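J.: A structural model of the following input is requested.
(2 chains)
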Amino acid sequence: MRKSQYPIICLHVIFLLAASCFLFEEKPQAVDGNVSIRLRFTVPAQADTLEALPVPGIPVRIYTEDYSIPELTEITDSSGFVRFDNLPYARYVVESHALIKISEFEEAEVVGAKALQLTADSLRGEMVYTDTLLMEQSKRGLKINEIYTAGPPNNIFYFYDQFMELYNGLSETVYLDGMIILRLGTSGLFADTLSVTYIYQFPGTPLSGRQYPVEPGQFVVIAGNAFDHNTIGPIAGKTVDLSNADWEFVNLQEANGYDNPNVPNITTNNGRVTQASKVDFLLGLTGDGLALCDGSDYDQTDGIDIRTVIDCVESSFSPTHIKEVPYSLDASFGGIGMQRYSGQSLERIRPGFDTNNSAVDFVVISKPTPGYHHE
Amino acid sequence: MNKRPLILVLALMILVCGAFAFEQAAVWAADYRNPDTELPDMYALTGNPAGKLYAGNIQYYRIKGTFSDAAYRRIYDPARTQLYNADYTALMQINHVSYFSASIIYEDLRLREIFGSMDKDFYDDYFSMVDSTSGNVAFYGPQLKLLYNVKLSEKLFFGLEGNYGVERSLKDTFPQTATIMRNSGYRAGLEYRGKAASLGIFGRYYDNQVHYEAVKQYMEVKPRTYMGYNIFYNELASATANKVRTRNGLEYGAHFSLGKRSRLSMQFGISGLHRISRADVIRGSGTRERGLWQREGLHLFGILNIFHQAEQGLRLYADHLHYSDWGASRISNTLVIENAERFSTLGAVFYYRPSLAQQIYAGAEARKVSYDYREYIFPFHDVRGGWEWNISAGGRIYLSAKTRMGFDLKYGKEIPRFYWETPSFENLGAIISLEKLFSFGYITFDVEYLQKTPENKPEKINVFLIGLSYGRK
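T.: You can find the predicted model right below:
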């Protein structure tokens, strides 16, 4: 072999070695699908005590929106423990609600729920996630029960059939007089005031007014535009009839805005509450912050005092959404996995069910249910 | 009549059909039953460009249409496919020690009624992305292939080959999935050719990049990334769903042959291969890794030719191919898929050439296959294996001084990979080709039909191919 051929052979070898550098990755040692979740469900032994008692025999369900795997249900054992095995790393919602007997003549509805994000890193090599959930009683009251923003299935970008629904979970009548509904901006997560984008107010006098009652167990539908949206050709049969809504959002400065004369209005730019926007009330298609306040603080220029908040919900379709609402009002956000223009809606698990944790209080339902609760 | 150009045209046709699939195969696929009187060169067996034998200048044009109708199919297979292919190949001697070959190919592939899959071939990737619509999609684009072979010394040859292709596609439904694929591959090799023996080494590197973009206009679309074939990860709904697949591979090996001109000759080859395939999703300006899978493999073959230039000849061959794959989720950084495949083949072809104008062959092949596929996220384990076999027969007969007819018949059993609902296919195939010599060159017309019948299913898969080529020396 001639010496002049050596470079060619060397190049050949170098080519192979260089190419091989791109082609190797370490095979992971950890195998997915082997994670276990072990939870203990407890309730406070007495009010104002740290002592906790196990809750045996209650069904606990766990599900994930990440993968196409079925929902699992297990029953807690005599020590209140429940265990789910052979799970993949994913985001889960674990929840249980049950009626427990407090005394011979008393029962209480309690809930224990938690959103988990399990990754190989978060578990630090462990294959079992262990935690204790202190079950709480659902807070009863006037609640934002359903938020529908996603729009019906359509390809004309129609999402003007939005509505929100209130539910009175109290055992007595409440009055909407002077209450305000806020579409929120980004507030500090530990702030004591809320940043506001839209502000709408019910007629009447806050706190003392008695003109607009909501009876116990009653739903109140507040429509963006109170008409039958099925009359629009491309979405006929796919959306909601809001012509019989209880209230309709109206911006009094909107030129030629729709206003159903048969539906009372909750208004803005009405001489009392003002906002810069001159268009009608619209929530973000893929999530937003929404608050119902008693109306005692309606000057939004310095923010709305969170002590006046009756209920607050944050939602986002995105799991990577960065929270915008203070933790004290909503510990998380609901609606993860919802799709735009899908007809999906976000509703509480049960009417008025509230633990101030929207990730577990709300479920995604396949179609909106204005004025009633999903089955 | 000099039949050497005719044989060369046929050999080129086989090579072009096999080697020019747009995406790079993990391992070179050789046709051991090639019924030519000449021994297949090492380029045909291993892809080593140094092993390609120069057999005269030639220019060659071909158009081809392949049509398949899959009454039986998996969920993400198209119901029908149409592949139109046009290519031009020229091989020219530069000087007395080197020659050059160039091919330009244009392909137009149409997949009809494909449900959901954004990928060209859902079952070719462990991390395929799907949406929830069905429609038609067309892939089209040119490819270029160049080969240079030089004689470094009396017995040492060096070869270099490069190919590059760009392919685009558009799905005619919502979302309008657009795809851009860039594919490049490089081979280099050395061969030492002695009088009675030859020895070669070769290497190959390829890079395949695919960018899928689904512009979401219809609102019921729900993009998902499969982690294997049975479980999917729900992607976040967004205006566009983008997936980037990057695939790099390396193959290296050596081959050896003995007794090229004797009545008994042998050819052996060994190669190792590595492939890494990455699937990422692009959301907004950020890239999110979804999966990575790696393939390693070993390929061995040996051929024994007995009296290959005599009136009667026999070729015995053995081939072993072993793949080992693992796939990792880049969401959890854990192992989610393992797969092992083994193919061990034994075959024999008997040739009978009563005259220069007549030649027939009969062959039989048995292959032991085993598949062991496992998904971990939600446990799924599929182990299957058994014997595949096929028998074939054919011939090349001159109907007149300037017209030759070729025919091939094949029948066999196949154990398909990643078909969960049927254990085997029964395959029946027939090829007829007619070649006519004119003063300006050769024209070849060929027709191929293949029928695949799944076991215990009434539906069938039918493939029909029609081709026309023109070659001149």
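
J.: Does B:Ile397 touch B:Arg404 like I think?
T.: Yes - applying Cβ atoms under 8 Å as the test, B:Ile397 and B:Arg404 come out as touching, 6.9 Å apart. No exception for glycine: its C-beta is placed from N, CA and C like everyone else's.

J.: out of the two, which sits in the more crowded spot?
T.: Set side by side, B:Ile397 and B:Arg404 give different neighbour counts by other Cβ atoms under 10 Å in any protein chain shown, the larger being at B:Arg404 (23 against 14).

J.: distance of B:Phe307 from B:Phe268?
T.: 19 Å (Cβ to Cβ, to the nearest Å).

J.: next one: B:Val383
T.: Plainly put, B:Val383 is 31 Å away from B:Phe268 if you go by Cβ to Cβ.

J.: And the strands in the stretch 101-250 of chain A, which stretches?
T.: Under the criterion DSSP state E, counting those that start in this stretch, the stretch 101-250 of chain A contains strands at A:106-117, A:128-134, A:136-137, A:142-148, A:163-168, A:174-175, A:180-184, A:193-194, A:196-201, A:213-214, A:219-223, A:247-251.

J.: Just put those strands in JSON lines and tack on distance to A:Lys367 and mean pLDDT.
T.: Compiled in JSON lines, these are given as follows (distance: least, Cβ to Cβ, whole Å; pLDDT from 0 to 100):
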{"stretch": "strand A:106-117", "distance to A:Lys367": "24", "mean pLDDT": "79"}
{"stretch": "strand A:128-134", "distance to A:Lys367": "31", "mean pLDDT": "91"}
{"stretch": "strand A:136-137", "distance to A:Lys367": "30", "mean pLDDT": "76"}
{"stretch": "strand A:142-148", "distance to A:Lys367": "9", "mean pLDDT": "95"}
{"stretch": "strand A:163-168", "distance to A:Lys367": "13", "mean pLDDT": "96"}
{"stretch": "strand A:174-175", "distance to A:Lys367": "28", "mean pLDDT": "94"}
{"stretch": "strand A:180-184", "distance to A:Lys367": "23", "mean pLDDT": "95"}
{"stretch": "strand A:193-194", "distance to A:Lys367": "31", "mean pLDDT": "92"}
{"stretch": "strand A:196-201", "distance to A:Lys367": "25", "mean pLDDT": "94"}
{"stretch": "strand A:213-214", "distance to A:Lys367": "24", "mean pLDDT": "95"}
{"stretch": "strand A:219-223", "distance to A:Lys367": "15", "mean pLDDT": "96"}
{"stretch": "strand A:247-251", "distance to A:Lys367": "21", "mean pLDDT": "95"}
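
J.: Out of these, the one nearest B:Ser184 is which?
T.: strand A:106-117 (40.0 Å; Cβ to Cβ).

J.: Report the buried residues of the closest one.
T.: Neighbour counts over strand A:106-117 (16 or more other Cβ atoms under 10 Å in any protein chain shown) mark A:110-116 as buried.

J.: Please apply the same query to stretch B:353-372.
T.: In stretch B:353-372, residues buried by neighbour count (16+ other Cβ under 10 Å) are B:353, B:359-367, B:369, B:371.

J.: and if you look at stretch A:214-221?
T.: By neighbour count on 16+ other Cβ under 10 Å, the buried set for stretch A:214-221 is A:214, A:219-221.

J.: among those, which are within reach of chain B?
T.: Among these, no residue is within reach of chain B (Cβ under 8 Å from any Cβ of the partner chain).

J.: Show me chain A divided up by domain.
T.: A:35-137, A:142-365 (automatic domain parsing).
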